[in-house]
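J.: how would this look folded up:
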Amino acid sequence: MNTKATKAIFLVLAGCMLNNIFLEYIIKLDPGAGHLITFCQFAFIAIHGFIFTSKFGTVKPKIYFKDYMILNVFFFTTSVVNNWAFAFNIPVPLHMIFRAGSLIANMILGILILKKKYTLEKNMRLCSLLLLA
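T.: All right, here's what the predicted structure looks like:
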């Protein structure tokens, strides 16, 4: 692996770890701050996407705006509900493990309800994602 890739991987991991450390400190000071952090993250991504991805609305979207908003409302609601868990003094690492468990739940429900079949490669990717989460 070249030095640029190694540096990029290290910086991403360091950023994620620092993000979780500061999140835990902020949540300990004020458990309700998670909602503000979530809102700021969503606002930042929306502004960034509007400027750089849609080029100030000049690029035609690939999905309908209504469908996009429905997905965002669901994702934002899920994030806010996840933040409520901090009001019960749940440690951040434990909370992260439970949130990562939703991948397994989705896979199991896909197998049971939708009769999906996953290849060994997809199973291995899922396991690696869980280990990184």
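
J.: Surely residue 35 is in contact with residue 81?
T.: No. Assessed by Cβ atoms under 8 Å, residue 35 is found out of contact with residue 81, at 10.4 Å. All C-beta spots, glycine's among them, are computed from the backbone N, C-alpha and C.

J.: higher neighbour count, the two?
T.: Taking other Cβ atoms under 10 Å, residue 35 and residue 81 do not tie; residue 35 has more neighbours (14 against 9).

J.: Low-confidence stretches in the protein?
T.: For the chain, the stretches flagged by pLDDT under 70 are 103, 122-124, 126-133.

J.: can we see that at 90?
T.: Low-confidence segments of the chain, defined by pLDDT under 90: 1, 5, 13, 16-17, 19-39, 41-42, 46, 57, 60-65, 67-133.

J.: What ranges does it have for its helices?
T.: In the chain, the segments counted as helices under DSSP state H are 3-29, 33-48, 65-84, 92-112, 120-132.

J.: need those helices in CSV with distance to residue 55, can you?
T.: Listed next are these as CSV, based on distance: least, Cβ to Cβ, whole Å:
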stretch, distance to residue 55
helix 3-29, 26
helix 33-48, 12
helix 65-84, 16
helix 92-112, 33
helix 120-132, 32
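
J.: how about those helices, which one is nearest residue 59?
T.: Minimum separation from residue 59 across the helices of the chain (Cβ to Cβ) falls at helix 65-84, 13.0 Å.

J.: so who does the nearest residue to residue 89 once chain neighbours are set aside touch?
T.: Leaving aside its sequence neighbours, residue 89 sits nearest to residue 31 (Cβ to Cβ, 6 or more residues apart in numbering; 7.8 Å). By Cβ atoms under 8 Å, 6 or more residues apart in numbering, the residues touching residue 31 are 86, 87, 89.
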